[in-house]
Structures are given as C-alpha cells and as structure tokens.
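A.B. asks: Got a sequence here, can you build the structure:
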Amino acid sequence: MAKYDVVIIGGGASGMMASIFSAQRGLKTLVLEHNEKLGKKLFITGKGRCNLTNNSSIENHLNNIVVNNKFMYSALNAFSAQDVMQFFIDNGLDIKTERGNRVFPSSDKSSDVIRCLERCMKKYAVEVRLNTDVVRVIKQDGHFNIYDKYDNIYTTDSVIVATGGLSYPGTGSTGFGYKIARDFGHKIVECKSALCPILVNEDIRELNGLSLKNVSLNINIGSKKFSSQGEMMFTYNSLTGPIVLSLSSLINKLNYKNAKIFIDLKPGLTIEQLEIKLTRECIEFAKKDFKNYLHTLLPNKLVDYFYMRCGVESKKMADINRFERDKIINLLKKFDFSIKSLDNIDVGIITSGGVDVREINSKSCESKLVENLYFIGEVLDIDALTGGYNLQIAWSTAYLAANHLKG
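C.D. replies: Numbers count the residues shown, from 1 in each chain. From the prediction side, this is the model:
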C-alpha cells in the first residue's frame, strides 16, 4: 500500500498543473490517469492549437464566465492570466497573443503545451500512473484510501479531484468525479451541453460547410435577448462556429425549444440603408435576373437557399416591387431558423453543471463537507465562453488547491 501526501485523480489540464505546484512544495504527489497518456483533452483544445488563456484583466475573465463567476474571484487573483503566461514562458514555452487576446503556443501545437507540463512534473518528481481506473475513494481514520480496478490501494492525506466533465468522452471524460462527489455527500448540478452546436428544425443540408464571417446572431427567449457578432458555420443539421457556441452556453438552462435564431447577414447596414441600396441596384442592374443578382450580395453557397426562402419569383431586377424588396431586406436582416435542441453533451466543448460550488470553499477549492478533499477544473459547476477562459479556470483552481494543501 503506497502512501502519498496528495493523490490527484485525473491527468488533464487542471490535474497536471495541480501536481506541479503540489510537488514544488515538497509534497509527495501522485497523479492517477485512466487514459494511456496525460492531457488527452488538452491535445484537441483550440482545434489542436491550445488556447491557453486570454491575455486580459481579471474583470474581463469574470465577465466571460457564464456560471458562478464570483466563485472564481480568489482563484483568478491568486493565479491570473498573466501568471499563467509567465509560468509557461519560465518553463520554456514560446507563446503568442492573437485576435481577441487569445493566447496560443507560438508553434500552434497543443502537444508542446503538454510536453511543457510533463517536463515540469518530471522536474519536481511527480509520480504518474497511466491506464489506472479509480473505482472507489473512501476516507477513514483521517486519510483517504483510493482503490483502482485491480484492487491496488493508494493511501493519501489529501485528494484532488480533477476528472473533468462529460464532454468529449473519447478523451476520457466519464463523469466519475461526480460519483466521488456524491459518495462524499456533495450535490451535483444537472450537467448540460455547453459551447456546442445548435440543432435546427429546418432542412439545411445544402448549406453544410458554409461559413459566414461578420454576421450578427440573435436569440430571443421570453424577455431575455442574446446576441453575438462574428463568425459562424452551417453543418448538415446545425449552426456552429464561435458565436453559436457562445450563445449555446447562454441559453442551455432556459426553455429554448422552438425559439428562433435570427442571423443578420448585413449587420453593417441598417434597414434604411439596405432599402436605399436595393432600390438603387434594382435600377442599376435592371436587366439582371434577381437570382443572379444575389451572387453579388451573398456567398454563392447561400444563394439558392436564400432565393427559396425569400419567396420572390424569378424576375428581372427592374420588376421587383416594394413589397418584394421589403421581404428581401427582412430576410437579410432576420434570416431565421427555429431551435430543435442543443447538440449532445458529448460534442460540447465543455460541460455546464457539476459539483455545486456552494459546497466548495472558493478560497481553496476544498470541500466544505470533507476536510482535505478538493475539486478543481471542469468537474466544478463553472463554465465560460470561448477565448481561453475555460482553461484559465482549470489553471487557477489547480493553483489554488495545490497551494492550500495541508503539507
């Protein structure tokens, strides 16, 4: 029976970072990871580029955390985005800041981030056991016994649960951390998909693969209004892309069934400006077929679908009347789809929901119910928008827990 100062269950972003700061303090640290390698989800983060954090203020990070942002105040103050950047720089990783203050490794390779963390773990003698499935954690006589599926027992003074959520099960996210939490009496906030595609009722197969840049997306649910501007994309049955993913996290706890999504295809022009433009071009391109004219206004892949949806008969531009112009303009400004559902939780970038933070000490990430039991990263009921904010949550909570372990 091996004895450790701390055992960290989960070798993802938060687990790796926590192990480094724990071992740096001289604590005998073990990481148990049920995958064949560390950082499996981290490897695919940011489309394989790994958006490490967002190079912005703590206030901006708090504003981009959708759920339980106040809980993160102490963690972000203890280990900010700038601290994260300095950590990686100090440990030999070249980084860069791109549009929207998103921070990436200069190589654009998430594998370099993982290697950097692994080097640090090795430097501070963190012990790692891969392919190790934990099945049970119990506490008795002031210490924890952790059992794996082969009946190995790991005894420790402290446990850090860094098991992630339910999204991307192919990377090892099983939700086991929730079982540990429940076994120790913790409440679990219902898990929902977050940062995920939005499925629509309409047949949009012909738009599959179409990307739209600089469009505005609006969703109205009851008295609540949500909007975002930027880039999006169509799949064969859903809307996706940065602005869609962000909005999915804002509506996932509401009754969004059959709510409308409105795409403003021309957010830079008002209705009045479009009216002037279309009226002028009906004269300027008088002999041109309306459908052909649409190619000057929209991406080619969108033309047939838009033409079908606007309901204007095939005619020359000169023959389009005021009523038809209004229909065209309305569709340009409110290209609408009805929501069927959010996509499955296993394709969401992160999980919304998890261990109820009201039962976790925000200054240490320690359980309020069980001494020396800590929860960090995505297993907690905290989630944020895209842009590096979710990984910052992982790094900050890891730092906080590791530095509050009772050594």
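
A.B. asks: Would you map the helices across the stretch 301-407 of the chain?
C.D. replies: In chain order, the stretch 301-407 of the chain shows helices spanning 322-333, 389-402, with DSSP state H, counting those that start in this stretch as the criterion.

A.B. asks: hmm, who's touching stretch 67-77?
C.D. replies: The set of residues external to stretch 67-77 that reach it, using CB atoms under 8 Å, 6 or more residues apart in numbering, is 58, 61-63, 65, 352, 357, 360, 362-363, 365, 380-383, 392-393, 396-397, 399-400. No exception for glycine: its C-beta is placed from N, CA and C like everyone else's.

A.B. asks: Flag every buried residue along the helix or strand of the chain with the lowest mean pLDDT.
C.D. replies: Counting by mean pLDDT, DSSP states H and E, the weakest-scoring helix or strand in the chain turns out to be helix 40-44, with a mean of 88. Of the residues in helix 40-44, those scored as buried under the neighbour-count criterion (16 or more other CB atoms under 10 Å) are 40-44.

A.B. asks: rewinding a little: can you tell which of the helices of the stretch 301-407 of the chain is closest to C191?
C.D. replies: helix 389-402 (14.9 Å; CB to CB).

A.B. asks: What mean pLDDT does that closest one get?
C.D. replies: Averaged over helix 389-402, pLDDT sits at 98.

A.B. asks: elements contacting the least confident helix or strand of the chain?
C.D. replies: Using 3 or more CB pairs under 8 Å, 6 or more residues apart in numbering; DSSP states H and E as the contact test, the elements touching helix 40-44 are helix 13-24, helix 110-123.

A.B. asks: Let me know which of those helices is tucked in deepest.
C.D. replies: With neighbours taken as mean count of other CB atoms under 10 Å, the helices and strands packed on helix 40-44 reach their highest mean count in helix 13-24, at a mean of 27.

A.B. asks: between that helix and helix 389-402, how many degrees?
C.D. replies: On the basis of axes from the mean of the first three to the mean of the last three CA atoms, to 10 degrees, helix 13-24 is oriented at 30 degrees to helix 389-402.

A.B. asks: How far off centre is helix 13-24?
C.D. replies: Between the centre of helix 13-24 and the centre of its chain there are 22 Å (CA atoms, centre = their mean, to the nearest Å).

A.B. asks: what mean pLDDT would you report for the following helix or strand past that helix?
C.D. replies: If you walk from helix 13-24 toward the C-terminus, the next helix or strand you reach (DSSP states H and E) is strand 29-32. In this model, strand 29-32 has a mean pLDDT of 98.

A.B. asks: So, low pLDDT: which residues of this structure?
C.D. replies: Low-confidence segments of the chain, defined by pLDDT under 70, are located at 1, 168-173, 407.

A.B. asks: Most distant residue from the centre of it?
C.D. replies: Relative to the C-alpha centroid of the chain, counting by CA atoms, centre = their mean, K287 is the outermost residue, at 49.1 Å.

A.B. asks: and that residue, that one's in a strand?
C.D. replies: No. Note on K287: no strand contains this position according to DSSP: H, G, I helix; E, B strand; the rest coil, which reports coil.

A.B. asks: can I assume it is in contact with Y293?
C.D. replies: No. Counting by CB atoms under 8 Å, no contact exists between K287 and Y293, whose distance comes to 10.5 Å.

A.B. asks: which neighbours do the two share?
C.D. replies: The contact lists of K287 and Y293 share M317, where a contact means CB under 8 Å, 6+ apart.

A.B. asks: And the strands in the stretch 251-400 of the chain, which stretches?
C.D. replies: With DSSP state E, counting those that start in this stretch, the ranges of strands along the stretch 251-400 of the chain come out as 260-264, 335-342, 350-355, 373-375, 383-384.

A.B. asks: May I see the buried residues of stretch 135-155?
C.D. replies: 137, 144-146, 148, 154.

A.B. asks: Secondary structure for the residues you listed - can I get that in TSV?
C.D. replies: Converted to TSV, the buried residues of stretch 135-155 look like this (three-state DSSP):
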residue	secondary structure
V137	strand
F144	strand
N145	strand
I146	strand
D148	strand
Y154	strand
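
A.B. asks: For those, work out which two are farthest apart.
C.D. replies: The two members of those with the most space between them (CB to CB) are F144 and D148, at 13.4 Å.

A.B. asks: about what we covered before: name only those of the contacts of stretch 67-77 that count as buried.
C.D. replies: By 16+ other CB under 10 Å, those give 58, 61, 65, 352, 357, 360, 362, 365, 380-383, 392-393, 396-397, 399-400 as buried.

A.B. asks: was I right about T29 contacting E127?
C.D. replies: Yes. The pair T29 and E127 qualifies as a contact (CB under 8 Å) at a distance of 6.8 Å.

A.B. asks: For those two, work out which one has more neighbours and name it.
C.D. replies: Residue environment comparison for T29 versus E127 gives the larger neighbour count to T29, 29 against 16, counting by other CB atoms under 10 Å.

A.B. asks: if we can go back for a sec, for G164, find the nearest of the helices and strands packed on helix 40-44.
C.D. replies: Each of the helices and strands packed on helix 40-44 has some distance to G164 by CB to CB; the shortest is helix 13-24, at 8.1 Å.

A.B. asks: Using CSV, write down the CA coordinates of that closest one.
C.D. replies: Listed next in CSV are the C-alpha coordinates belonging to helix 13-24 (Å, rounded to 0.1, in the frame of the first residue of the first chain):
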residue,chain,number,x,y,z
ALA,A,13,-5.0,20.4,-17.7
SER,A,14,-6.0,21.1,-14.0
GLY,A,15,-4.6,17.8,-12.7
MET,A,16,-1.2,18.3,-14.3
MET,A,17,-0.9,21.9,-13.1
ALA,A,18,-2.0,21.0,-9.6
SER,A,19,0.6,18.2,-9.4
ILE,A,20,3.4,20.7,-10.4
PHE,A,21,2.5,23.2,-7.7
SER,A,22,1.9,20.4,-5.1
ALA,A,23,5.2,18.7,-5.8
GLN,A,24,7.0,22.1,-5.9
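
A.B. asks: Identify the residues contacting that helix?
C.D. replies: Contacts of helix 13-24 with the rest of the structure, by CB under 8 Å, 6+ apart, involve 5-6, 8-9, 29, 31, 33, 38-39, 41-42, 45, 114, 117-118, 120-121, 124-126, 160, 162, 376-378, 391, 394-395, 397-399, 401-403, 405.
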